[in-house]
Every structure is written in C-alpha cells, then in structure tokens.
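Asker: please find the sequence and the predicted model below.
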Amino acid sequence: MVQIRLNVINRLRRFFRWLLLQQGTPGEKARGLAIGIFCGCFPLFGFQTLLGIALASLCRGNHLLAASGTWISNPITYLPLYWFNYRVGSFALGHGHTVNKFVEFSFREIVSHGWIVFARLFLGSTLVGTLCGLVVGLCIYFALAARPLFRE
C-alpha cells in the first residue's frame, strides 16, 4: 500500500514538472487543461481531442494541455464516466422518463429511448465537465501562480 502511494506521488510530481515546462502563462496552461477535461467528459469518441484543441484556440489556452486533458476519458474510464454523467443528467432533468434497465432491448426500443438517453447523457456530460474543468483549472492556476513562492 505504501508503494502504491509513493508511485502516485511520484507520478503527480512528474506531471507537475511536465506542466511547468509547457509554454504559456499559468492562466493559459490552466485554461488548456480545464478545456481538455471539459471536452473529455463528452462521449464524442475520436473528436474530443479536436474539440479540445479548437476550444483552447478560441480561449487562448495551451493546445498540448487541452489535448492531454481529454485523456480523462479512455477505454478504462468510459463506462464509469458516462454512466455517472447519465445519472447526473437524469437527476437534473428529473426521473420522469429515465431508462432504468439496459437489459434485452430490441432495436426499436433503443431508438425510441434514444433521445431520452442522449439528452440526459449530454446534459450530465456538460454539468460534470464544467464542474471538473473549473475545479482542475482553478487548482492548476493557483498552484502555478504560487510556484515562485515555493522555490526548491
């Protein structure tokens, strides 16, 4: 257990060093990473990175950090992330017409429930992505802005 903690701490240190080496101000770096995380919460397989880089260009964020932020969703995290986003969207829209069981659906039932699932998933992705992007962006910004205070 101790070795796992040390590995996590070492990976976080390497990530922070890599983050410090990126071009741009603390604000540009934080915006890029926050936008990438926001885009990574959407189920747009293959287009998350392109969307993240495009939004980073519009918001003057770091492109490389925007692309790496989209890695929040990967084959390991797809199912839990999108399930959570769907549940958040269902909570936000109310539980009137939710799809509770995905067992033995016919194609016709899937199509008829498609809009319900789509609306809840995208609303949940928007809410979760906004919150996660905002929290991570602010944390990274304040950590990078305070860095000169903590010189080694």
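Answerer: Now that the structure is in, tell me what you want to look at. Numbers count the residues shown, from 1 in each chain.

Asker: buried set for the longest helix seen in the chain?
Answerer: For the chain, the longest helix by residue count, based on DSSP state H, is helix 107-145. Applying a neighbour-count criterion of 16 or more other C-beta atoms under 10 Å, one finds 116-117, 120-129, 132-133, 136-137, 140-141, 143-144 buried in helix 107-145. (Glycine included, C-beta is placed from N, CA and C.)

Asker: please, which helix or strand holds the residue nearest the centre of the chain?
Answerer: Nearest to the geometric centre of the chain sits residue 37, at 3.0 Å (C-alpha atoms, centre = their mean). Residue 37 belongs to helix 26-40 when assigned by DSSP states H and E.

Asker: what's the angle between that helix and helix 107-145?
Answerer: 170 degrees (axes from the mean of the first three to the mean of the last three C-alpha atoms, to 10 degrees).

Asker: quick check: mean pLDDT of helix 26-40?
Answerer: Averaged across helix 26-40, the pLDDT comes to 92.

Asker: and the contacts of it?
Answerer: With contact meaning C-beta atoms under 8 Å, 6 or more residues apart in numbering, helix 26-40 is reached by 19, 22, 24, 48-49, 51-52, 55-56, 59-73, 129-130, 132-134, 136-138, 140-141, 144-145, 147.

Asker: helix or strand right after it?
Answerer: Downstream of helix 26-40 (by DSSP H and E), the next one is helix 48-59.

Asker: show me which residues of that following helix are buried.
Answerer: 48-49, 51-53, 55-56.

Asker: what does stretch 62-72 give?
Answerer: 62-70, 72.

Asker: thanks a lot, see you next time.
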